[in-house]
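Participant: next one to model:
(chains A and B)
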Number of protein chains: 2
Amino acid sequence: MKNVFVIGVGLIGGSFALDIKKLDPSSTILGIDKNESHLDEAIEIGVIDEKAKLEDLQKADLVIVAIPVDAALNVLPEVLNHVSDNTIVFDAGSTKEEICLKVKDHPKRRNYLAVHPIAGTEYSGPSAAIHGLYKSKTNIICEVEETAFKLQEKALRLFSELGMRIRYMNPKAHDKHIAYVSHLSHISSFMLGKTVIDKEKNERDIFDMAGSGFESTVRLAKSSPAMWTPIFEQNKTNVIETLDEYINNLKHFKKLMEDGDFEAVYKEMETTNHIKDILNGIQ
Amino acid sequence: MKNVFVIGVGLIGGSFALDIKKLDPSSTILGIDKNESHLDEAIEIGVIDEKAKLEDLQKADLVIVAIPVDAALNVLPEVLNHVSDNTIVFDAGSTKEEICLKVKDHPKRRNYLAVHPIAGTEYSGPSAAIHGLYKSKTNIICEVEETAFKLQEKALRLFSELGMRIRYMNPKAHDKHIAYVSHLSHISSFMLGKTVIDKEKNERDIFDMAGSGFESTVRLAKSSPAMWTPIFEQNKTNVIETLDEYINNLKHFKKLMEDGDFEAVYKEMETTNHIKDILNGIQ
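Facilitator: Numbering: from 1, shown residues only, chains lettered A, B, ... in the order given. Now for the predicted structure:
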């Protein structure tokens, strides 16, 4: 692909840019971002080749929209207004129902593929972009039948070259399940961090006692609030449902402890150890 | 040190054994474990040199007690009954108040050093033992003044050779703070695993959607229930306090979402991002 536009030159968009350039050094990577200093930084560290504007999109072969999910609702229709019939546009947002609804009746709907690559780190911005982020990762594609077949093929070829495995799903099911395996983890981690930091106010040395277990469990609390707030907003109903179940499970565990029923506490943990087998299936 | 006894040849005891043998290849590592097959395995994979019995402890230079904290309450006094005046004995348990109380009036109290190395992985058993587990890790020592000075020195020399940094603390403060930075993380992780597994009963494909973020957050849910149940039991009051605060923080986050106050949701996460700076202090 000759002209590849990346809208949002952060961790997700930037990592696509790096790998695409590596796959095809003759391609030109053009960056669009509302943050001018991010564009400068992305050029400086070699994540993109040039800055561009929405008006340049008519020459695009591929457009990747990798911005917070609230901004994407406004930007994606604009992008579709500008692209040619042969351009494939995909997003990378962590919610899919609202964006699919937003462009449902857009005249260029068939140029758009709704995508959610399950990949990332807790860092953000152009400097967070890394080579190989998408290798062996799951890529969820929603409403595939709404995208022109030839353009689907273009995108699927790229995903295959990046080493991703594809899962097809409808947007409603995507948003419901991703609330459990991704959105809830972020909240559990943020609130764990908050609980411990609140304690620290009075107790200075507490973090000297923290080890790798704590670090792993609060890792996601480093994530970007600008990215995550609109995700929670768009997926509010599902996320609240998962939070309810999580809080109930914690209350139950606390009750068992209060009752001194440590046989049951043991069983709770033993049953959940089954997560080992499940995680073996995750890269 | 010539004769080093490791009681409990799992992750913690086994990793001490491996490093001590490397530091001094002329030392003999003797293993004691109620699980005979663990002893056989530990010999086979070179974690210990020989099996031994409590009766052999009179020839010990160093004894490391690395067994679940409920078992340690019974085993430690027995160990002290057997050792000579020149033997240093330390444990590695994650709770310190009850064990210090247990041996408070033991005639050999001055042979014992109460230790909690903040190190580990989510795995257990002899095969989980690894070289270098303790390098750059915090080692909390409680009631140091209760241990004979010459024996303290022996233990501190070893910890220094292993690359550990020492923090002194009283048992009550230790148990209170460790509830926040270690015990609570384990419960948050176990209950996150449970919440998602419960969902999976009806929805088969959900784990295909899980990524590295979920994996990191539920990693501790792989931990051993046999090790963790007695820790929660001994530290019940402190752990329940942390659970109360954690549940309240989660409820507050949920309430903000229900009220649609996503500005406040943003602020909650932004404030907690400060965990980055704190974690930079952890290896």
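Participant: who touches the residue nearest to the spatial centre of chain A in this structure?
Facilitator: Centroid check for chain A by CA atoms, centre = their mean gives residue A:94 as the closest residue, at 4.7 Å. Neighbouring residues of residue A:94 by CB atoms under 8 Å, 6 or more residues apart in numbering or on different chains: A:69, A:116, A:178, A:182-183, A:231, A:235. The way it works is simple: take the backbone N, C-alpha and C, and place the C-beta from them, glycine included.
Participant: mind listing the helices for the stretch 101-250 of chain A?
Facilitator: Using DSSP state H, counting those that start in this stretch, the helices found in the stretch 101-250 of chain A span residues A:149-161, A:171-178, A:184-200, A:212-218, A:225-234, A:236-258.
Participant: check whether the fourth one contacts chain B.
Facilitator: Put plainly, it is helix A:212-218. Yes - Helix A:212-218 is in contact with chain B by CB under 8 Å from any CB of the partner chain, via A:212-218.
Participant: picking that back up, quick one: closest of the helices of the stretch 101-250 of chain A to residue B:110.
Facilitator: helix A:212-218 (32.3 Å; CB to CB).
Participant: pull the distance from that closest one to the chain's centre.
Facilitator: 21 Å (CA atoms, centre = their mean, to the nearest Å).
Participant: which other helices and strands does it contact?
Facilitator: Other helices and strands packing on helix A:212-218, by 3 or more CB pairs under 8 Å, 6 or more residues apart in numbering or on different chains; DSSP states H and E, are helix A:184-200, helix B:184-200, helix B:212-218, helix B:275-279.
Participant: mind running it again at 6 Å?
Facilitator: helix A:184-200, helix B:184-200 (3 or more CB pairs under 6 Å, 6 or more residues apart in numbering or on different chains; DSSP states H and E).
Participant: next, the angle from the first one to helix A:236-258.
Facilitator: Comparing the axes of helix A:184-200 and helix A:236-258 via axes from the mean of the first three to the mean of the last three CA atoms, to 10 degrees yields an angle of 50 degrees.
Participant: and if you look at the last one?
Facilitator: If you take the same axes, to 10 degrees, helix B:184-200 sits at 120 degrees to helix A:236-258.
Participant: okay, residue A:205: pLDDT?
Facilitator: We have a pLDDT of 68 for residue A:205.
Participant: how about the one 10 residues further on?
Facilitator: Model confidence at residue A:215, expressed as pLDDT, equals 89.
Participant: same question, the one 3 residues further on
Facilitator: If you check residue A:218, the pLDDT there is 92.
Participant: domains in chain A, as residue ranges please.
Facilitator: Here the domain parsing of chain A from automatic domain parsing is A:3-169, A:174-279.
Participant: weakest of the ones you listed by average pLDDT?
Facilitator: Out of these, domain A:174-279 stands lowest, with a mean of 92 (criterion: mean pLDDT).
Participant: nearest spatial neighbour of residue A:52, chain-adjacent residues omitted?
Facilitator: Of all residues not flanking residue A:52 in the chain, residue A:30 sits nearest, at 3.9 Å (CB to CB, 6 or more residues apart in numbering or on different chains).
Participant: next one: residue A:242
Facilitator: Nearest to residue A:242 is residue A:184, by CB to CB, 6+ apart, at 4.3 Å.
Participant: what's the answer for residue A:96, then?
Facilitator: Nearest non-adjacent residue to residue A:96 (CB to CB, 6+ apart): residue A:171, at 4.0 Å.
Participant: need the contact list for the one you found.
Facilitator: Residue A:171 is in contact with A:96-97, A:100, A:142, counting by CB atoms under 6 Å, 6 or more residues apart in numbering or on different chains.
Participant: can you do 7 Å?
Facilitator: By CB atoms under 7 Å, 6 or more residues apart in numbering or on different chains, the contact set of residue A:171 is A:96-97, A:100, A:114, A:142-143.
Participant: and those residues as TSV, adding neighbour count?
Facilitator: TSV is the format used below for those (neighbours: other CB atoms under 10 Å in any protein chain shown):
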residue	neighbour count
A:96	27
A:97	19
A:100	21
A:114	24
A:142	23
A:143	18
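Participant: which ones among those map onto strands?
Facilitator: A:114, A:142 (DSSP state E).
Participant: right, so of the helices and strands packed on helix A:212-218, which gets closest to residue B:18?
Facilitator: helix B:184-200 (24.8 Å).
Participant: coming back round to it: which of the contacts of residue A:94 come close to chain B?
Facilitator: For chain B, the contacts drawn from these by CB under 7 Å from any CB of the partner chain are A:178, A:182.
Participant: in JSON lines, list the contacts of residue A:94 along with neighbour count.
Facilitator: Listed next are these as JSON lines, based on neighbours: other CB under 10 Å:
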{"residue": "A:69", "neighbour count": "23"}
{"residue": "A:116", "neighbour count": "25"}
{"residue": "A:178", "neighbour count": "27"}
{"residue": "A:182", "neighbour count": "22"}
{"residue": "A:183", "neighbour count": "22"}
{"residue": "A:231", "neighbour count": "22"}
{"residue": "A:235", "neighbour count": "26"}
